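*Asks:* Sequence and predicted structure, then a few things I'm wondering about:
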Amino acid sequence: MLLVHDAYFYWAHRFMHWQPVYRYVHSVHHKSTNPSPFAAFAFHPFEAVIEYAWFIALLTILPMHVSLLALYPSLMLLLNVHAHLGYELLPRGFAKHPIGKYLLTATLHNQHHKRFRYNYGLWFFWWDRLFGTIDPRYDSEFGAPAPAAVEPELARAA
């Protein structure tokens, strides 16, 4: 189920970035260029239909235990919130680890919200690697320290 969803989502996400669809549907979600967990819930109703059509189709052809009907959407929600955190929870070396080279991270999805043209994956990002849609700055930005916060009083004094 993860693999089917991952493949479907990559192509559905690329479709939603096609300008005629993006302008009316997916741009609602991309108003958040530095996402927070709330961005995981900010999307157009048609986007929800596009993103979950695969699940209805899969249910008609693949027998599933009833527990999966609750467990999988809950797992999707957790991943979606993690991807939209706006900061990375995983350790710096994770992007270079053999497993880390293929799993979605908050950095990867944050780059997607900043630049729009890269990182369309959901669970994994081998589709992005395969089709050349991974942000070329991913490895360097993942390991980079976050910029220091500037206190408002210091910013005004400068």
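*Replies:* Yep, that arrived. Residues are numbered from 1 along each chain as shown.
*Asks:* Report how many residues lie close to His17.
*Replies:* Counted with other C-beta atoms under 10 Å, the neighbours of His17 add up to 16. For every residue, glycine as well, the C-beta is placed using N, CA and C.
*Asks:* now do Asn80
*Replies:* 17.
*Asks:* Also Phe38?
*Replies:* 11.
*Asks:* how about it, secondary structure?
*Replies:* Under DSSP: H, G, I helix; E, B strand; the rest coil, the three-state class of Phe38 is helix.
*Asks:* what about it, distance to Lys31?
*Replies:* 11 Å (C-beta to C-beta, to the nearest Å).
*Asks:* Low-confidence regions, this protein specifically.
*Replies:* 143-158 (pLDDT under 70).
*Asks:* Can you show me the helices along it?
*Replies:* Counting by DSSP state H, the chain has helices at residues 2-16, 19-24, 45-61, 66-83, 106-115, 126-131, 138-143, 152-157.
*Asks:* So which of the ones you listed is the most surrounded?
*Replies:* helix 106-115 (a mean of 20; mean count of other C-beta atoms under 10 Å).
*Asks:* Centre of the chain to that helix, how far?
*Replies:* The chain centroid and the centroid of helix 106-115 are separated by 7 Å, computed with C-alpha atoms, centre = their mean, to the nearest Å.
*Asks:* got the contact list for that helix?
*Replies:* Helix 106-115 has contacts (C-beta atoms under 8 Å, 6 or more residues apart in numbering) with 30, 32-35, 39, 82-90, 95, 118-121, 125, 134-135, 137-138, 141-142.
*Asks:* 6 Å instead?
*Replies:* Under the contact criterion C-beta atoms under 6 Å, 6 or more residues apart in numbering, helix 106-115 has outside partners 33, 35, 83, 85, 88, 119, 135, 142.
*Asks:* can you check stretch 70-84 too?
*Replies:* 35, 37, 39-40, 106, 109.
*Asks:* want to throw those residues into JSON lines with distance to His26?
*Replies:* Output for the contacts of stretch 70-84, formatted as JSON lines (distance: C-beta to C-beta, whole Å):
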{"residue": "Pro35", "distance to His26": "14"}
{"residue": "Pro37", "distance to His26": "19"}
{"residue": "Ala39", "distance to His26": "12"}
{"residue": "Ala40", "distance to His26": "14"}
{"residue": "Ala106", "distance to His26": "19"}
{"residue": "His109", "distance to His26": "14"}
